[in-house]
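Enquirer: Show me the folded form of this:
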Amino acid sequence: MKITNQEKIYTACANITRLMIIKMLKQYQYASVTSISTSVNMSVKSISKHLQIILSAGIIEYEKNFEPNIYMINIF
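Expert: Next up is the predicted model:
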């Protein structure tokens, strides 16, 4: 059974940490993984895993031309 995009969005929003990340990006428009991890007091590795879930749902996007990558909100 194929997971729909709507189900990916629900899954991404079903976790308080991911909701905090989305809220932060909505408020500040963009942030690096390091600044997100500092803001929510979690490791970069943990935040990166959460970002991948949010990315796969299409809620956020990232810019590769910066070091580190910059994440930004995509749908609000």
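Enquirer: Report pLDDT for the spatially most central residue of the chain.
Expert: Among the residues of the chain, residue 51 comes closest to the average C-alpha position under C-alpha atoms, centre = their mean, at 3.7 Å. On the pLDDT scale, residue 51 is placed at 97.
Enquirer: which parts of the host helix or strand of it are buried?
Expert: Using DSSP states H and E, residue 51 falls within helix 44-56. By 16 or more other C-beta atoms under 10 Å, the buried positions in helix 44-56 come out as 47, 50-51, 53-55. C-beta: built from backbone N, CA, C; applies to glycine.
Enquirer: What is the nearest of these to residue 30?
Expert: Among those, residue 51 lies closest to residue 30 (C-beta to C-beta), at 12.6 Å.
Enquirer: That closest one against residue 34, yeah?
Expert: No. Using C-beta atoms under 8 Å, residue 51 is not in contact with residue 34, being 11.7 Å away.
Enquirer: Any idea how many residues pack against residue 70?
Expert: Applying other C-beta atoms under 10 Å, we find 17 residues neighbouring residue 70.
Enquirer: so what pLDDT did the residue nearest to it when sequence neighbours are not counted get?
Expert: Leaving out its chain neighbours, the residue that sits closest to residue 70 by C-beta to C-beta, 6 or more residues apart in numbering is residue 63, at 4.6 Å. Turning to residue 63, the model gives it a pLDDT of 89.
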